[in-house]
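Asker: The sequence and its predicted three-dimensional model are supplied below.
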Amino acid sequence: MQHITLVTNQLRLAIELSQAFNDQQYFVDTIDDPTQVETLMQRKQSVGLLWDLTAFPFAEYQSVLSDVRHHYQVPILSLANSTEAATAIFQTGLDDYVPAPWPAAELIARFEQKHRLYQRLKESQAPQSPTKDRLQFADVVIDRQKYKAFRNDQDLGLTPKELKLLLYLIEHAPQVLSRTQLLAGVWGDRYDISETSRMVDIHISHLRDKIEADPKHPDYIQTVRGFGYHFVTDDPQPKD
């Protein structure tokens, strides 16, 4: 499930929206400390923000909302009991202003419409994968046509799945990817969710053994404790 952050101190509202969004395959993370919003959004990789202005008024938290808007290209919907601050809300760059009583079905429709727009924007801004058949980082060369990886012209012996995993990490660098994201991107729907950590960790370990100078202290495939992995190096370049 994708995560949405809800900022409120109203338990009833949190329960109602959590249930409604959960039915649409979203998990609502509720927080009642506005100063910790960005920390939560980063940790949960939130795809949207719902802000209850009746609990935390715009005038008092405008700087927090401005910071979130600056750092996140996701839908930000403000929930209010009047249209008093609507102009300032939109000038700050928030995406929508929804007066009470906030019917769940309408909120979901508004959120998903804006979520689709942001997805299209991200897709249009995403860098294109190199068109060259060969890709190099440090002294490792990946031959896409042969579907092999080499160091000093010696085949590193990567399995097709290991090479697919390596390419997926490179193509999403420097983004930190959770084990679930890696499973979805590399294995698709052909995996047992109960084996999530084990399957990814085993393949990462084998991959490190083959491409890292010191697998226990990797230079390229690094662990983000409690979350997942990311690829770290200078930008891999197409090789002539």
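Answerer: Received it, and whenever you're ready, just let me know what you need. Numbers count the residues shown, from 1 in each chain.

Asker: Assumed residue 114 was part of a helix.
Answerer: Yes. Residue 114: assigned to a helix according to DSSP: H, G, I helix; E, B strand; the rest coil.

Asker: Now it: closest residue in space that isn't a chain neighbour?
Answerer: Leaving aside its sequence neighbours, residue 114 sits nearest to residue 75 (CB to CB, 6 or more residues apart in numbering; 3.8 Å). In short, each C-beta sits where N, CA and C put it, glycine included.

Asker: Which residues does stretch 217-229 contact?
Answerer: Among residues not part of stretch 217-229, those counted as contacts by CB atoms under 8 Å, 6 or more residues apart in numbering are 43, 137-138, 166, 169, 176-179, 181-182, 200, 204, 207-208, 211-213, 230-233.

Asker: list the buried ones in that stretch?
Answerer: Residues of stretch 217-229 classed as buried: 218, 220-222, 228-229 (neighbour count, 16 or more other CB atoms under 10 Å).

Asker: end-to-end on that stretch?
Answerer: 14 Å (CA to CA, to the nearest Å).

Asker: Show me how far it is from its chain's centre.
Answerer: Centroid separation between stretch 217-229 and its chain, computed with CA atoms, centre = their mean, to the nearest Å, is 16 Å.

Asker: likewise stretch 162-172?
Answerer: Between the centre of stretch 162-172 and the centre of its host chain there is 16 Å, according to CA atoms, centre = their mean.

Asker: dump the residue contacts of the residue nearest to residue 228 when sequence neighbours are not counted.
Answerer: Using CB to CB, 6+ apart and skipping residues adjacent in sequence, the residue nearest residue 228 is residue 178, 4.1 Å away. For residue 178, the contact set (CB under 8 Å, 6+ apart) comprises 45, 227-228.

Asker: can you check residue 107 too?
Answerer: By CB under 8 Å, 6+ apart, the neighbours of residue 107 are 17, 20, 50, 77, 79, 98.

Asker: Inside strands: which ones of the residues you listed?
Answerer: Judged by DSSP state E, these include 50, 77, 79, 98 as members of strands.

Asker: per-residue pLDDT, the second one?
Answerer: The one in question is residue 77. Reported pLDDT at residue 77 in the predicted model: 96.

Asker: One more: residue 173?
Answerer: The predicted local confidence for residue 173 comes out at a pLDDT of 87.

Asker: For the host helix or strand of residue 164, buried residues please.
Answerer: Using DSSP states H and E, residue 164 falls within helix 160-171. Buried residues in helix 160-171, defined by neighbour count with 16+ other CB under 10 Å: 162-171.
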